[in-house]
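Peer 1: prediction below, plus the sequence it came from.
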4 protein chains.
Amino acid sequence: MTAPITQVEFRVRYAETDRMGVVYHGNYLVWCEIGRTEHMRQFGVPYREMEERGVALAVAEASIRFQKAARYDDVIRVETTLADVSSRTVTFDYAILNADSNDRLATARTTLVCLDPGNRVTTIPAEFRPMLRRAAGLAE
Amino acid sequence: MTAPITQVEFRVRYAETDRMGVVYHGNYLVWCEIGRTEHMRQFGVPYREMEERGVALAVAEASIRFQKAARYDDVIRVETTLADVSSRTVTFDYAILNADSNDRLATARTTLVCLDPGNRVTTIPAEFRPMLRRAAGLAE
Amino acid sequence: MTAPITQVEFRVRYAETDRMGVVYHGNYLVWCEIGRTEHMRQFGVPYREMEERGVALAVAEASIRFQKAARYDDVIRVETTLADVSSRTVTFDYAILNADSNDRLATARTTLVCLDPGNRVTTIPAEFRPMLRRAAGLAE
Amino acid sequence: MTAPITQVEFRVRYAETDRMGVVYHGNYLVWCEIGRTEHMRQFGVPYREMEERGVALAVAEASIRFQKAARYDDVIRVETTLADVSSRTVTFDYAILNADSNDRLATARTTLVCLDPGNRVTTIPAEFRPMLRRAAGLAE
């Protein structure tokens, strides 16, 4: 089974650019977060609900390769897949593209760890695991 | 009695610039927040402690006049005064300057309202009022 | 003639929240910018093109009244009108709402001044004025 | 020869926190940028001057491991070293610490590539190379 992809599109904000005339690189992590928020919603695990039930997913590792610049008012597309799920972590892969040219702008991966309300690492609650495994293209 | 002024200085970050080559205007509100954080610390009311004791100050109104541009790596000075204190609100005035040239870059005012843990408007706790009134140059 | 309204909607990003659990107030100025970008596009004056032709609109004054909190993943609607156009300035009014409840979250106004490539105040180029006057509900 | 370390300290801004009560992870890339700005200044290559002479260093790759949370008003220390210099790239390593407890909060690495005014990859100008090699602890 292949892990499904969720797509989300939005325009570059003026505030996201820097004096090089392109999007400031730190903002790509914000775009990854938009990607995984929509991906989890798509698979029936709205992240806001997850927090309301007392667990959080905190980014433990992030890596990005920047390939082409994004500019003000460009339409950006983030394609997100859930690359892996373990008992305590989830790993997302992201492709960030210019939605008009289809040029790849960046490639990113983040690993998130499940935290309890006291900010201690904990296992992902059983109720969310089947949906996450399905999102990762794994047998439930 | 005149309200005392607190000064704080820092450098413009690359992330704060936009493609016009200058600091994005929205960041001035962040700089105002730095100004009032240091002003409250100076008068014995560290804002973090205030939140730890269960009250928050939320910005209810903000206005800024932008006079000159700030650029990457400039040293900025924020001069903050507590313009007014009422039972439920505090009003701060800010002058934002280039610390090298002393040019005035912006003039701002924010009014903050005191909230309880349920986000309801409440009176400023009695323990903080004498210090705030002193910071505002008012009789205690 | 009444000035037409442009609406744009988007979701609150996690990055936009602060430790009070709500959207950090400085981000509302970013949302206003999204509002006026779409408003100008609607009236045939894409702001990116304006900059490509050598003129910029820089925010000279901003004021905001914050009425209700916005939270992570809320759908926000920004309603923008062009309140006034002079030879060198444009003034926009914004209503920021929760798109689901229709609650008003904030009311804002920004005045922008036209700058030439040397960052000097200049008159708005003649080619843009009829469209801007129409957007402001004024006789051309 | 060992690559020298530059240290820079600053306080966490309220705007940098998110609703988890800690610093939003994307802001660590901004802190890395503060670290390398001070590191380059220390070695006689103020980055602003580099851009004024027509070359830019754009982040091509970034990776971060997040170890402990940073909170509002904490004093942060960024320790930066120049890990490597090639004809077209520079690689910086960062340790991000809580300045009071000395706890390590994050470990990061960024590789930047030299761009000409047309945003094409180019060699680092000869005038900057000796200083960068010295900063990297390499023979000039």
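Peer 2: Thanks, I have the structure now.
Peer 1: is any residue of the helix ranked longest in chain A near chain D?
Peer 2: Using DSSP state H, we find that the single longest helix of chain A is helix A:27-42. Yes: under the criterion of C-beta under 8 Å from any C-beta of the partner chain, chain D is reached by helix A:27-42 at A:Asn27, A:Leu29, A:Val30, A:Glu33. In short, each C-beta sits where N, CA and C put it, glycine included.
Peer 1: count the residues that sit near the third one.
Peer 2: Which is A:Val30. Neighbour count for A:Val30, taken as other C-beta atoms under 10 Å in any protein chain shown: 17.
Peer 1: could you find the closest non-adjacent residue to the residue nearest to the spatial centre of chain A?
Peer 2: Among the residues of chain A, the one closest to the centroid is A:Arg36, at 3.0 Å (C-alpha atoms, centre = their mean). Excluding the flanking residues, the one nearest A:Arg36 by C-beta to C-beta, 6 or more residues apart in numbering or on different chains is A:Phe92, at 4.9 Å.
Peer 1: mind listing what whichever helix or strand that neighbour is part of pairs with, with the direction of each?
Peer 2: Element membership for A:Phe92, per DSSP states H and E: strand A:89-98. Paired neighbours of strand A:89-98 in the sheet (DSSP bridges): strand A:75-85 (antiparallel), strand A:104-115 (antiparallel).
Peer 1: which one of these lies nearest to C:Gly137?
Peer 2: strand A:75-85 (29.4 Å; C-beta to C-beta).
Peer 1: now the closest one: average pLDDT?
Peer 2: Mean per-residue pLDDT for strand A:75-85: 97.
Peer 1: before we move on, back to that, OK, contacts around the residue nearest to the centre of chain A?
Peer 2: Counting by C-beta atoms under 8 Å, 6 or more residues apart in numbering or on different chains, A:Arg36 touches A:Tyr47, A:Thr80, A:Phe92, A:Tyr94, A:Thr110.
Peer 1: distance of it relative to chain B?
Peer 2: From A:Arg36 across to chain B, the span is 22 Å (C-beta to the nearest C-beta, to the nearest Å).
Peer 1: on that earlier part again, now the longest helix of chain A: average pLDDT?
Peer 2: 97.
Peer 1: can you give me the buried ones in it?
Peer 2: For helix A:27-42, burial by neighbour count (16 or more other C-beta atoms under 10 Å in any protein chain shown) applies to A:27-42.
Peer 1: low-scoring pLDDT stretches of chain A, where are they?
Peer 2: A:1, A:140 (pLDDT under 70).
Peer 1: which residue lies farthest from the center of chain A?
Peer 2: Largest centre distance within chain A, by C-alpha atoms, centre = their mean: A:Arg19, 26.5 Å.
Peer 1: got the contact list for the residue nearest to that residue when sequence neighbours are not counted?
Peer 2: Leaving aside its chain neighbours, A:Arg19 sits nearest to B:Thr17 (3.9 Å; criterion: C-beta to C-beta, 6+ apart). With contacts defined as C-beta under 8 Å, 6+ apart, B:Thr17 is in contact with A:Asp18, A:Arg19, B:Val23, B:Tyr24, B:Arg71, B:Tyr72.
Peer 1: run through the bridge partners of B:Thr17.
Peer 2: Beta-bridge partners, per DSSP bridges, of B:Thr17: B:Val23.
Peer 1: now distance to chain C too, for the residues of helix A:27-42 next to chain D, in TSV please.
Peer 2: Shown next, in TSV, are those (distance: C-beta to the nearest C-beta, whole Å):
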residue	distance to chain C
A:Asn27	9
A:Leu29	8
A:Val30	5
A:Glu33	5
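Peer 1: with distance to A:Arg133 as extra columns, can I get those residues in CSV?
Peer 2: CSV is the format used below for the residues of helix A:27-42 next to chain D (distance: C-beta to C-beta, whole Å):
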residue, distance to A:Arg133
A:Asn27, 31
A:Leu29, 25
A:Val30, 27
A:Glu33, 22
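Peer 1: which member of these is positioned nearest chain D?
Peer 2: Nearest to chain D, judged by C-beta to the nearest C-beta, of the residues of helix A:27-42 next to chain D is A:Leu29 at 3.8 Å.
Peer 1: ok, the closest one - contacts?
Peer 2: A:Val59, A:Ala62, A:Ile64, A:Ala108, A:Thr110, D:His25, D:Gly26, D:Leu29.
Peer 1: rerun that using 10 Å as the cut-off
Peer 2: A:59, A:62, A:64, A:94, A:108, A:110, C:15, D:24-29, D:62, D:64 (C-beta atoms under 10 Å, 6 or more residues apart in numbering or on different chains).
Peer 1: and A:Gly35, by the same measure?
Peer 2: Per C-beta under 10 Å, 6+ apart, neighbours of A:Gly35: A:5-8, A:77-81, A:92-96, A:108, A:110.
Peer 1: tell me the one among those residues nearest to chain C.
Peer 2: Checking those one by one against chain C (C-beta to the nearest C-beta), the nearest turns out to be A:Val8, at 9.5 Å.
Peer 1: got the contact list for the residue nearest to that closest one when sequence neighbours are not counted?
Peer 2: Nearest in space to A:Val8, with sequence neighbours left out and distances taken as C-beta to C-beta, 6+ apart, is A:Glu38 at 4.3 Å. The contact partners of A:Glu38, by C-beta under 10 Å, 6+ apart, come to A:Thr6, A:Gln7, A:Val8, A:Glu9, A:Pro46, A:Tyr47, A:Val78, A:Thr80, C:Arg11.
Peer 1: put together a markdown table for those, with neighbour count and secondary structure on each row.
Peer 2: Listed next are these as a markdown table, based on neighbours: other C-beta atoms under 10 Å in any protein chain shown; DSSP: H, G, I helix; E, B strand; the rest coil:
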| residue | neighbour count | secondary structure |
| --- | --- | --- |
| A:Thr6 | 19 | strand |
| A:Gln7 | 15 | strand |
| A:Val8 | 19 | strand |
| A:Glu9 | 12 | strand |
| A:Pro46 | 15 | coil |
| A:Tyr47 | 20 | helix |
| A:Val78 | 26 | strand |
| A:Thr80 | 27 | strand |
| C:Arg11 | 18 | strand |
